[in-house]
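Peer 1: Give me coordinates for this.
(chains A and B)
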Amino acid sequence: MLKRTLLATVCTAVLLTGAAQAQDCLTEPGTIGFLPKLDTDPYFQVANDGAKEAAGEMGGTVIQAAPSQATAEAQVEFINNLVAQQVDVIAISGNDANAVAPALKRAAANGVRVISYDSDVAQGARTVFVNQALGSSLAEMMLQSMNDMIGKGKFAILSSTPTATNQNAWIEQMRGELDSNPDYSGLELVTVVYGEESEQVNQQQALALAQTYPDLKGIIVPAGIGLPAAARALEEAGMTGQIKLTGLAPASLIRKYIEDGSVQDIWWNVTDLGYLAYHAAQAVAMCKITGEEGETFDAGRLGSYTVGKAGEVVLGPAKIVTPENVDEFKF
Amino acid sequence: MKRPAWISNWDAFICAVAVAVLLIGFLAFKNFGSAFNISQMIAGVSERALIVLPMMLLLITRDIDLSVASTLALTSVVLGLLLQAGMPLAPAIVLTLVSGGLLGAFNGALVTVVGLPSLVVTLGTMALFRGIGYMLLGSGSVNVLPDALLDFGFTNVAGLPVPWTIVPFLVILPIFAVVLHRTILGRRIFAIGGNPMTALYSGISVERIRFGLFVFSGVICSIAGIIYTARLANARANNAFGMELDVITIAMLGGVSVFGGKGGVVGVVGALCLVALIRNLLGINGVGGDAQSTLIGIMLIAALLAGTFVPRVVASARRRRDNKVLGGTRNA
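Peer 2: Coordinates of the predicted model:
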């Protein structure tokens, strides 16, 4: 089935171009087309700064263009545009892992290599996936951060939606750690509530938690939109510092709360993500890596990286953002 | 050679602009003319090209169908589920077309039998149809599809940079154009939009034609749904999200009036080509989606302004000239 699809795609490519171009190994850095999920998302602009930094050091060119809507269909058009511009490698953050795969395979049949970064696409459609952090380490770190801040007492979790796959996995893992790890014996998880990806609901839930549990010491918010919202709600209620917060969010959005010690945060260096993705893309273009587990490549100031299982390259452990290191996080 | 009556000044103008942009593309951008780019540009408009046809008819009769993209998505989900359940491709396609017709009939019945405004009805079904799609398939997708369907979505007509996905449009377009501009039914559609009461008292079965147009819209959307499923190898409920706005933009840029009674196939096809060309040229020069949409928006506003003011300016200039001629003769 998959083979037939691939075959059809290859045949198309042959029909389209007259003759499919062979994927020659470049001898020097080529052109990398970055295709983020969304055009004007600051997250991807910061990542692109990292890619440009890498291009300035090692040579080659970065171009970046993305759709105004975060849909697979819109992204397919931009994949085609990048192929038409004859880039050497497309680096994509997939809006939809499967729906963009056929277009990426068609790109490959036209001599363009593909890597994914930030958000993976179907494994057969890319060489490597540059992942910012392993999910399992994120859950562990959120718990550790909560333990750092409150040490002992009750805390709650304010997640995104009841059906969010990755959040649910983290919550499961945290429950497991609480049961088995003596380091966290002082922590008591009282409840899990949901902010439904809405700023307003997150604010209401944070305040409701504070009222329901007068002795609540902290809230873990493993969702990017929820943590800043909860921090603002507590500030407006005059409870900043009384209930400590940690979770996942761009550090720049909650910088002032991190600086005053009432919030910590798990985050990664977004600039480095773009920097690493650029190096990985050039390594693929120059045939230094093919996505096999165990291959290594050099990523400039970040050092050497090894391709892991299923072609995954992990930027590194995320960091707990504290008043001491908050300046490192530009996004 | 005199221009036929069914091509307006605007139609000719928008086509001339599209041809000019096409020439600029070939001459100024080396990546533009590649067979790959041309074929993918055409493939990218396959669904919009189809859906804009019923949309222009509805606009001409002073109606609108905002549920087109949701109908596309729901019929795509229906097709995906039927195929997933093991039904062969041919009957699955037939059932998908029928379901599209039924969705259109639902809109049509609310508008013509119950008498609700189409804007409100289809605003409701826009959310309803997509919602049903989510209920049937959740946020997941069906992406294991028969080879025949995938080949249709991926391959070109032998040896040409013309993808198969545009072929249904190329087949329907001439029939559509002849029916609209050369038959009694076409004249009746214009008459309804021109003045519904006059049309009614002239013996035209206004409601029946309007109902039929909604059904037509539903069926065309289901064809687009099949094509979309094949092209993206994916049946899912969020397919074609926001496409209704693109389609309405193209129709209006093509000179179809929201006030009804006005519009032509040539202008709409010209506008379709123009929007596709501009998006593609911007895209292959690294301009992002937000800037592209901004430019298309500016074009639409400019076109509306031109459509409103140019005839007035022309008319007043003509009046002044006539006055002068009259005055001149009087003085002499």
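Peer 1: which SS state does the closest residue to A:T127 other than its chain neighbours fall under?
Peer 2: Distance criterion CB to CB, 6 or more residues apart in numbering or on different chains; nearest residue to A:T127, sequence neighbours excluded, is A:G291 at 4.3 Å. Where you see a C-beta, it was placed from the backbone N, CA and C, and this is true even at glycine. Following DSSP: H, G, I helix; E, B strand; the rest coil, A:G291 is assigned to coil.
Peer 1: Hmm, A:E312 and A:G291 touching each other?
Peer 2: No. Using CB atoms under 8 Å, A:G291 is not in contact with A:E312; the gap is 9.4 Å.
Peer 1: what is in contact with the two at once?
Peer 2: A:V128 (CB atoms under 8 Å, 6 or more residues apart in numbering or on different chains).
Peer 1: contacting residues around the residue nearest to A:T127?
Peer 2: With CB under 8 Å, 6+ apart, A:G291 has these contacts: A:126-128, A:284, A:307, A:311.
Peer 1: please redo it, this time with the cut-off set to 7 Å
Peer 2: Contacts for A:G291 (CB atoms under 7 Å, 6 or more residues apart in numbering or on different chains) come out as A:127-128, A:307, A:311.
Peer 1: Name the member of these with the most neighbours.
Peer 2: A:V128 (30 neighbours; other CB atoms under 10 Å in any protein chain shown).
Peer 1: mind listing what that residue touches?
Peer 2: A:115, A:280, A:284, A:289, A:291, A:307, A:311, A:313.
Peer 1: who in the stretch 151-300 of chain B is up against chain A?
Peer 2: Counting by CB under 7 Å from any CB of the partner chain, the residues of the stretch 151-300 of chain B close to chain A are B:151, B:154-156, B:161, B:232-234, B:238, B:240-242, B:283-284, B:286-290, B:293.
Peer 1: Show me just the buried residues among these.
Peer 2: B:151, B:154-156, B:161, B:232-234, B:238, B:240-241, B:283-284, B:287-289, B:293 (16 or more other CB atoms under 10 Å in any protein chain shown).
Peer 1: Let's have the contacts of A:G291 in JSON lines, adding pLDDT.
Peer 2: Supplementary listing: the contacts of A:G291 in JSON lines, determined by pLDDT from 0 to 100:
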{"residue": "A:T127", "pLDDT": "96"}
{"residue": "A:V128", "pLDDT": "96"}
{"residue": "A:V307", "pLDDT": "96"}
{"residue": "A:G311", "pLDDT": "95"}
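Peer 1: Mind checking which of the residues you listed land in strands?
Peer 2: The strands, defined by DSSP state E, take in nothing from these.
Peer 1: Which two among these are spaced furthest apart?
Peer 2: Largest separation among the contacts of A:G291 by CB to CB: A:T127 and A:V307, giving 9.1 Å.
Peer 1: that older thread, in terms of distance to chain B, which of the contacts of A:V128 ranks first?
Peer 2: Among the contacts of A:V128, A:I115 lies closest to chain B (CB to the nearest CB), at 18.9 Å.
Peer 1: residue ranges of the helices in the stretch 51-200 of chain A, please?
Peer 2: Ranges of helices in the stretch 51-200 of chain A, per DSSP state H, counting those that start in this stretch, are A:72-84, A:101-109, A:135-150, A:165-180, A:199-212.
Peer 1: Quick check: mean pLDDT of the last one?
Peer 2: Per-residue pLDDT over helix A:199-212 has a mean of 94.
Peer 1: hmm, which helix or strand of the chain has the shakiest average pLDDT?
Peer 2: No chain was given, so I picked chain A. Between all helices and strands in chain A, the lowest mean by mean pLDDT, DSSP states H and E belongs to helix A:2-17, at a mean of 48.
Peer 1: ah, I was thinking of chain B
Peer 2: helix B:289-331 (a mean of 80).
Peer 1: where's it relative to the chain centroid, distance-wise?
Peer 2: Centroid separation for helix B:289-331 versus its chain: 26 Å, with CA atoms, centre = their mean, to the nearest Å.
Peer 1: my guess is A:E197 contacts A:I225, does it?
Peer 2: Yes. A:E197 sits in contact with A:I225 when judged by CB atoms under 7 Å, with a separation of 6.0 Å.
Peer 1: just for the stretch 51-200 of chain B, where's the confidence low?
Peer 2: Along the stretch 51-200 of chain B, the model assigns pLDDT under 70 to no residue.
Peer 1: Just the helices from it, written as ranges.
Peer 2: B:68-84, B:89-112, B:118-137, B:147-154, B:167-182, B:184-194, B:196-201.
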